[in-house]
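**Q** return a 3D structure for these sequence lines:
(chains A, B, C and D)
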There are 4 protein chains.
Amino acid sequence: MSRVHVHRVNVTFGDCDPAGIVFFPNFSRWMDQASLNFFMACGVPPWRELVKTRGIVGTPLLEIHTRFLRPATYGEEIQVHTTVEEWAVKTFRHRHVVRRGDELLCEGTEVRAFVVRDPDDPERIRAIPIPEDIKALCL
Amino acid sequence: MSRVHVHRVNVTFGDCDPAGIVFFPNFSRWMDQASLNFFMACGVPPWRELVKTRGIVGTPLLEIHTRFLRPATYGEEIQVHTTVEEWAVKTFRHRHVVRRGDELLCEGTEVRAFVVRDPDDPERIRAIPIPEDIKALCL
Amino acid sequence: MSRVHVHRVNVTFGDCDPAGIVFFPNFSRWMDQASLNFFMACGVPPWRELVKTRGIVGTPLLEIHTRFLRPATYGEEIQVHTTVEEWAVKTFRHRHVVRRGDELLCEGTEVRAFVVRDPDDPERIRAIPIPEDIKALCL
Amino acid sequence: MSRVHVHRVNVTFGDCDPAGIVFFPNFSRWMDQASLNFFMACGVPPWRELVKTRGIVGTPLLEIHTRFLRPATYGEEIQVHTTVEEWAVKTFRHRHVVRRGDELLCEGTEVRAFVVRDPDDPERIRAIPIPEDIKALCL
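**A** Predicted coordinates:
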């Protein structure tokens, strides 16, 4: 497991669709923000620093799975509660639970990998084993 | 099963992130476009017409599941191949296969429901049984 | 003139483009958020309330003008300082000054109008004179 | 002056806001797409090629000015007509006219510059004189 980080989002007018509720890809966007904020809150530098010091470009997504339970609308604050629920050799799995106070709005998992540019072809990226020092910061 | 509809997307600069590849929530956005285009290609009116004639507000998401296999970048055309792979009583499941020519980039499912405004509380929406005439148009 | 409201934005990875800097339409998005937050901070209810009590749908844009001076990137907090610098009969003009601490990043104006649905054709909207009570809350 | 390029956009559900019309920053996004498409239609390679061959990162915005005349909604096709209306020494000005068939929806200008990474500080970018060969392709 890991630490828990809470990312707060104020839902805005432009996040909502003609039905007046959050356009769902924004939940993926907020989970992505929550993931980076999780690592930064654990003491990991932002990717634009890590790319210079260690070649790590970021943690792109391999898979997402999200269930939507209740809608949200603008003017509301929602909270994304983020953990790493599993560390594999080359991947890890986030769990994000999105609440509005006590109400569960949405919950999802993300499978991600740490990637570097391929030295043979800088256009390509490839996964590396989970860096032990980064993992240690997150526990 | 259902018809197959192909939704073409030209990936733009603003769809890409600092790693130079498509920011992944855009794939959800394109699958959402593909879903509406699927229904319109089958002869179903846009939601803003259906809400007036039948009270149907749209087909919000209950669940999404997406696997990301290869990245895409701007200047490329990608194709979203959309079907309905299962019709349940009150929900249906789309499959979206995203290709760049022969290459598989990403694939995902969406579980959706047709919803109307709750007559007792127009702030709320509720699922209705899949309308048989709409389903018939899609087969 | 008017009150000044400060809207704080944490720039995220997904807000940035392949050049690694904020994709500029996001500044327009943040100014739009700042506008609604300005009114709500002055005590004006959100549009989804005003539409029910007074038919006011919102304050759509008639014109924007923005100058971009310095880029911003993810992991940074920026501040949007918002005022109404002119009240005309049927329009008003916001000024938004976007800073990162002491540095000026971007500044712009927005001309907006309060609109209601046209009673003869609810598909259309039309501008109304600036509501005096709303203006009074903002001074 | 310059060639004219027409960029076609199919407005989607997720481009629209709770008022049911296009959320205005999307017009800026479409003008940005139209700008890159303009150059590519003139035979200029995409920025990710030019950065490798000539160090040109792109054409970031210095200033935008947009007037909004009529709204658009999803299910509609709109056309962005793009020209370069002025070439200065280090900047150029686009004009974008957005139409839905014969109706004028929105029109705007963008002032942009061609930029390269600063050799002394690759974190910074700086404007270069308009490349004569690129300009020649656009006339």
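
**Q** just give the nearest non-adjacent residue to residue A:113, would you?
**A** residue A:127 (3.9 Å; Cβ to Cβ, 6 or more residues apart in numbering or on different chains). Where you see a C-beta, it was placed from the backbone N, CA and C, and this is true even at glycine.

**Q** run a quick neighbour tally on that neighbour.
**A** Residue A:127 has 16 neighbours, counted by other Cβ atoms under 10 Å in any protein chain shown.

**Q** how about it, what does it touch?
**A** A:90-91, A:113-115 (Cβ atoms under 8 Å, 6 or more residues apart in numbering or on different chains).

**Q** one more time with 7 Å
**A** Shown in contact with residue A:127 (Cβ atoms under 7 Å, 6 or more residues apart in numbering or on different chains): A:90, A:113-115.

**Q** and if you look at residue A:44?
**A** Neighbours of residue A:44 in contact, by Cβ under 7 Å, 6+ apart: A:134, A:137.

**Q** for it, phi and psi?
**A** Torsion angles at residue A:44 (phi, psi; degrees, to the nearest 10) stand at phi -80, psi 130.

**Q** flag every buried residue along the host helix or strand of residue A:27.
**A** If you go by DSSP states H and E, residue A:27 is part of helix A:25-41. Buried residues in helix A:25-41, counting neighbours by 16 or more other Cβ atoms under 10 Å in any protein chain shown, are found at A:25-39, A:41.

**Q** tell me which residues in stretch A:67-78 are buried?
**A** A:68, A:71-75, A:78.

**Q** chain C: which of those residues is nearest?
**A** residue A:75 (4.4 Å; Cβ to the nearest Cβ).

**Q** thinking again about what came up before, restrict the buried residues of helix A:25-41 to contacts with chain D.
**A** Among these, proximity to chain D is found for residue A:25 (Cβ under 7 Å from any Cβ of the partner chain).

**Q** need the pLDDT of the one residue sitting closest to the centre of chain A.
**A** When Cα atoms, centre = their mean is applied to chain A, the residue found nearest the centroid is residue A:35 (2.6 Å). Looking at residue A:35, its pLDDT reads 97.

**Q** for it, what are its contacts?
**A** A:59, A:82, A:94, A:110.

**Q** of the residues you listed - the most surrounded one?
**A** residue A:82 (27 neighbours).

**Q** who does that one bridge with?
**A** On the basis of DSSP bridges, residue A:82 is bridged to residue A:5, residue A:96.

**Q** for chain A, what helix or strand is lowest in average pLDDT?
**A** Least confident element among the helices and strands of chain A, by mean pLDDT, DSSP states H and E: strand A:121-127 (a mean of 82).

**Q** check which element follows that strand along the chain.
**A** helix A:132-138.

**Q** that following helix - contacts with which helices or strands?
**A** Where contact means 3 or more Cβ pairs under 7 Å, 6 or more residues apart in numbering or on different chains; DSSP states H and E, helix A:132-138 is not packed against any helix or strand.

**Q** could you rerun that using 8 Å?
**A** Packing contacts for helix A:132-138, counted by 3 or more Cβ pairs under 8 Å, 6 or more residues apart in numbering or on different chains; DSSP states H and E, involve helix A:25-41.

**Q** close to chain D, is the very next helix or strand once past the helix it packs on?
**A** Heading C-terminal from helix A:25-41, the first helix or strand you meet, by DSSP H and E, is helix A:47-53. No: applying Cβ under 8 Å from any Cβ of the partner chain, one finds helix A:47-53 out of contact with chain D, separated by at least 8.9 Å.

**Q** what parts of chain A come near chain C?
**A** Counting by Cβ under 8 Å from any Cβ, chain A sits next to chain C at A:12-14, A:20, A:29, A:32-33, A:36, A:40, A:46-48, A:58, A:73-75.

**Q** max pairwise distance over those residues: which two?
**A** A:20 and A:48 (36.5 Å; Cβ to Cβ).

**Q** neighbour-wise, which of these two wins?
**A** Using other Cβ under 10 Å as the criterion, residue A:20 and residue A:48 rank with residue A:20 on top: 20 against 17.

**Q** didn't the more buried one look like it was pressed against residue C:47?
**A** No: between residue A:20 and residue C:47 there is no contact, the gap being 9.9 Å when judged by Cβ atoms under 8 Å.

**Q** identify the contacts common to those two.
**A** Counting by Cβ under 8 Å, 6+ apart, the residues touching both residue A:20 and residue C:47 are residue D:18.

**Q** so who does residue A:91 touch?
**A** Going by Cβ under 8 Å, 6+ apart, residue A:91 touches A:62, A:111-113, A:127, A:130.

**Q** closest to chain B among those residues?
**A** residue A:62 (5.9 Å).

**Q** would you confirm that the closest one contacts residue A:113?
**A** Yes: the pair residue A:62 / residue A:113 is scored as a contact, 6.1 Å apart, by Cβ under 8 Å.

**Q** per-residue confidence for residue A:2?
**A** On pLDDT, residue A:2 comes in at 88.

**Q** just the pLDDT for the residue of chain A most remote from its centre.
**A** Distance to the chain centre peaks in chain A at residue A:120, reaching 28.7 Å (criterion: Cα atoms, centre = their mean). Residue A:120 carries a pLDDT value of 84.

**Q** which one of the contacts of residue A:91 is nearest chain C?
**A** The closest of those, once distances to chain C are taken by Cβ to the nearest Cβ, is residue A:112, at 12.7 Å.

**Q** what about that closest one, neighbour count?
**A** 22.

**Q** just to revisit the earlier point, kindly indicate which of the residues of chain A next to chain C lies nearest chain B.
**A** Closest to chain B out of the residues of chain A next to chain C is residue A:29 (4.7 Å), distances taken as Cβ to the nearest Cβ.

**Q** surely that closest one and residue C:14 touch.
**A** Yes: the criterion here is Cβ under 8 Å, and residue A:29 meets it with residue C:14 at 5.4 Å.

**Q** done for today, thanks.
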